[in-house]
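S.K.: Turn this into a model:
(chains A and B)
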Protein chains: 2
Amino acid sequence: MQPEAAYIDLLCLSRERTVLAACADLLEWDEETYMPPGGVEVRSQQRALLAGLVHERTTSPRCGELLGEIEGSSLVSDPLSPAAVNVRELRRDYERATRLPRTLVEETARTSALAQQEWAAARKASDYSRFEPWLAKMVALKRAAAEAIGYAESPYDALLDEWEAGATSAELDPLFAVLRRDLVPLAAALAAAPRKPDTSLLRRHFPVDRQRAWGKEVAAAVGFDFHRGRLDDSVHPFCMGIAPGDCRLTARYQDHYFPDGLFGVLHEAGHGLYEQGLDPEHYGTPMGQAASLGIHESQSRLWENLVGRSLPFWEHFFPAAQEAFPDLADVALDDFFFAVNQVSPSLNRVQADEVTYNLHVLVRFDLERALLAGDLPTAELPEAWNRAYTEVLGVTPANDAEGCLQDVHWSAGLFGYFPTYTLGNVCAAQLFAAAEAALPGLSDDFREGRFERLLGWLRDQVHRQGRRHRSAGLLRQATGAPPAPGPLLARLHAKYGDLYGL
Amino acid sequence: MQPEAAYIDLLCLSRERTVLAACADLLEWDEETYMPPGGVEVRSQQRALLAGLVHERTTSPRCGELLGEIEGSSLVSDPLSPAAVNVRELRRDYERATRLPRTLVEETARTSALAQQEWAAARKASDYSRFEPWLAKMVALKRAAAEAIGYAESPYDALLDEWEAGATSAELDPLFAVLRRDLVPLAAALAAAPRKPDTSLLRRHFPVDRQRAWGKEVAAAVGFDFHRGRLDDSVHPFCMGIAPGDCRLTARYQDHYFPDGLFGVLHEAGHGLYEQGLDPEHYGTPMGQAASLGIHESQSRLWENLVGRSLPFWEHFFPAAQEAFPDLADVALDDFFFAVNQVSPSLNRVQADEVTYNLHVLVRFDLERALLAGDLPTAELPEAWNRAYTEVLGVTPANDAEGCLQDVHWSAGLFGYFPTYTLGNVCAAQLFAAAEAALPGLSDDFREGRFERLLGWLRDQVHRQGRRHRSAGLLRQATGAPPAPGPLLARLHAKYGDLYGL
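M.R.: Predicted structure coming up:
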């Protein structure tokens, strides 16, 4: 077979797998948004069956044969050409997947569907004991997955690599160490600063239906295309890119707390802009997929924090916010801006401020490594969680709902996923600094409610690149340097030093 | 292989196919309710792929082998045992499906998804020319399907049999002839009657959000279980039984027209009660499936018309309606009851009254047979449609939106489907008469808002029977006679004679 013909067959295989996986995505979206409770049993059967069918396609011997026909041919001689990228990344996926037995894949999908329901119920009742057996089962499944995939140093790396190709805990350790060394004292200094924001103004009345409508307006204003997407409610906000023309965001709103809703929407819209910016020509192949979870998170954090928590952004949007929410009528812009940028060590990752957010992540990074290594029995998780929070953040959960039951991830089998949040923060700051350098007067854009130049830059530098580069290569290409904590730390010191008058 | 072992394997095959088909159902539900417009292209790919996978399982040679191992064995010696029923019906499905080439199945699914979008747009713009090429394509595909399946007399019967096993147009012709002969003069007599309802009271203001909330209350009151189901909005109302615990209804509401919303909800809830009443033990096998579309429709019409348009029903619900809709405050129950039972030949099937409804169906029955036979070119459909309406119903559509573009069915490839509506009306009247005979004082139940006895009877006589009987057998079992128009016509003459003072 000629490499050209083999490549066409390979793309068809890849597209079919993607279309099938998109069915599974829709089922998952539905499960989190509209499915009636009685649907859970058959839904878990559906998801297991589809996961098996997707796995079958990923691991089909035909895929291995086709890759073999193409590799080494002149078709892939330019390593950054679409063909070379697609072949490189499909080879990686194939290698990872062929090591996982189908029974394990199906069992994990089935367990994940049921465990997420139990997690939701356990969180509601703040009853960790209800979730613990499911977590134990999930840890065992993920440990089996790590062993099947293989690793150089730590089983954890086999899982981490799924979300962030090539990353290792040995590389992450020093990154988290720098962040911890710098951010714990910064948080302490801010806590001791004489100036404090008045955050009570964020706890006035913000009717949920108006938040929902206004969230849509703001998402559309920054560029999210509702012709090709939606925004719904769910317990845990997420973004699901089902197809080039179908990207679904979810959010949750609190009647008496403003930031959750809007910043959640901006966060998910950031993910959604990435999904909507992928090249539809390459749909169903690695060139039409996001580079990694860390890069995905860089886009959400960029829109949530670097755009959405900036003064120019609110110079534009605050009058509209006052119109939508009469309780803000007597609030000054500066006070509002300071309030949405409060730094305060808290119990909740999703609601955490920019300074302490990465401390939440490093707690989870340590705990999930210990769970997987078997150093931490699942029964002792609440205790270990509370101890870590007391030590790193100086706050102690009163119950497990606000402690170790707050995140959906482990119930869904997402181990090795949390560090990508911090990678996202690091990359977001670095990309934003590069965008500011490339686009003079960017703040003025925001002041005028214009976001096209920034979005265009991100489209070129990140979205349209697909999986051409791994995250380090992408950052080097876009910013001139691999991911490093410098720009993030510089930004946090400057912004919060100013705000708190340090 | 022992027949017992083969039977277990056969059930597993059947369940897997059902779980996969349920994925396709959810995709279809989503397409009609929440999917953003940009999702249509990939959605059609998804549905085609799943339809192909379902077809693959239905036609798998393994299925034919297993059936061969079981047939003739003692396992199926009692023809009404679950095993015998499952084997009989799976054999039928297998025979039908193996005659359809996979390419035709996939092409039909793909065309259906796109044609439905075009139909919706064409209907909105009342522009038949936009839909016509899609209809032509669909007619050609269905004709090819009929030829592939085979038939004794008419290609139409091959399609009709899909929805109503064993039914033929030769049997339906006399049924429709009786209905036409009886109902055209009845409609004329009612039109000439001196008493007329005041239907302007149904055109007052009924805020859509309140209709939506009240529709849910009424659906729950008659027994629809929202723990195992939902009710959403869509352009064309439908009921989708995705799984034993997941049944989805949709409705559409008009701000200034009461009947559409509530009676649509009751209609779909009737379907939903059937789906929720199927035996979950038999999920994924014919014994856990509805008997036929005609029987399905008998359940929706029974709850919509025989319960929902009865005086005892409104004796219970009218005070609550007045509470929900202040515009009804000054309306007398009798006037309201007469208004929701207006008989008036109209252009719209979904909104048609009980007397003229079957006339709408017989127009479609004639036209779709002509389309399939090639006697009616698709380009001439609007003309033929308008002519038939003028002749049979005495009304002429002013445009195609209120004419031949009103139904979704043909765009979705549902040919041979319309007659099941009339079979449903016939069976509903016959089943309801039997229930009244079996359950003395049933009207008093309704007056007190109690529907459990009726629902219990239907559960036993219809829902829990699954596909044990074909429709004729089911009716004979439940009512002592095969389907016949007598009870329907008797009921219509008695009820409307009274109301209109004939």
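S.K.: Who are the packing partners of the helix ranked longest in chain A?
M.R.: What stands out as the longest helix in chain A, according to DSSP state H, is helix A:3-33. Contacts defined by 3 or more C-beta pairs under 8 Å, 6 or more residues apart in numbering or on different chains; DSSP states H and E place helix A:3-33 against helix A:40-58, helix A:61-70, helix A:82-98, strand A:239-243, strand A:246-251, helix B:3-33, helix B:40-58. Quick note: C-beta positions are derived from backbone N, CA and C, even for glycine.
S.K.: Next, the angle helix B:40-58 makes with it.
M.R.: Helix A:3-33 and helix B:40-58 are oriented at 90 degrees to each other (axes from the mean of the first three to the mean of the last three C-alpha atoms, to 10 degrees).
S.K.: in helix A:3-33, what counts as buried?
M.R.: By neighbour count on 16 or more other C-beta atoms under 10 Å in any protein chain shown, the buried set for helix A:3-33 is A:3, A:6-7, A:9-11, A:13-33.
S.K.: which stretches of the stretch 351-500 of chain A form helices?
M.R.: Assigned by DSSP state H, counting those that start in this stretch, the stretch 351-500 of chain A shows helices spanning A:357-373, A:381-392, A:419-438, A:442-447, A:452-461, A:471-479, A:486-500.
S.K.: contacts for the shortest one?
M.R.: This points to helix A:442-447. A:307, A:310, A:312-313, A:315-316, A:435-436, A:439, A:451-454 (C-beta atoms under 8 Å, 6 or more residues apart in numbering or on different chains).
S.K.: Report pLDDT for A:Val408.
M.R.: At A:Val408, the model reports a pLDDT of 91.
S.K.: quick one: contacts for it?
M.R.: With contact set as C-beta under 8 Å, 6+ apart, A:Val408 has these partners: A:Gln116, A:Trp119, A:Val235, A:His236, A:Leu414.
S.K.: now with 7 Å?
M.R.: Listed by C-beta atoms under 7 Å, 6 or more residues apart in numbering or on different chains, the contact partners of A:Val408 are A:Gln116, A:Trp119, A:His236.
S.K.: Quick check: nearest residue in space to the second one, chain neighbours excluded?
M.R.: Of all residues not flanking A:Trp119 in the chain, A:Ser411 sits nearest, at 3.6 Å (C-beta to C-beta, 6 or more residues apart in numbering or on different chains).
S.K.: Could you do A:Val331 as well?
M.R.: Nearest residue to A:Val331, sequence neighbours excluded (C-beta to C-beta, 6+ apart): A:Leu201, at 5.3 Å.
S.K.: My guess is that neighbour contacts A:Phe337. True?
M.R.: No. Contact criterion C-beta atoms under 7 Å: A:Leu201 and A:Phe337 do not qualify, at 11.1 Å.
S.K.: where's A:Ala51 relative to B:Gly497, distance?
M.R.: With the distance defined as C-beta to C-beta, to the nearest Å, A:Ala51 ends up 61 Å from B:Gly497.
S.K.: more crowded one of these two?
M.R.: Neighbours were counted for A:Ala51 and for B:Gly497 using other C-beta atoms under 10 Å in any protein chain shown; A:Ala51 has more, 22 against 14.
S.K.: what's the spacing between that one and B:Arg252?
M.R.: 36 Å.
S.K.: quick one on the thing from earlier: tell me the buried residues within the contacts of helix A:442-447.
M.R.: Buried among the contacts of helix A:442-447 by 16+ other C-beta under 10 Å: A:Val307, A:Ser310, A:Pro312, A:Phe313, A:Glu315, A:His316, A:Ala435, A:Phe451, A:Leu454.
S.K.: nearest to A:Leu190, of the residues you listed?
M.R.: Nearest to A:Leu190 among the buried ones among the contacts of helix A:442-447, counting by C-beta to C-beta, is A:Ser310 at 18.1 Å.
S.K.: related to what we said a few turns ago, list the ones among the contacts of A:Val408 that fall in helices.
M.R.: Using DSSP H, the contacts of A:Val408 in helices are A:Gln116, A:Trp119.
S.K.: possible to save the contacts of A:Val408 as a markdown table with neighbour count and pLDDT?
M.R.: Below are the contacts of A:Val408 laid out as a markdown table (neighbours: other C-beta atoms under 10 Å in any protein chain shown; pLDDT from 0 to 100):
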| residue | neighbour count | pLDDT |
| --- | --- | --- |
| A:Gln116 | 23 | 92 |
| A:Trp119 | 25 | 96 |
| A:His236 | 19 | 86 |
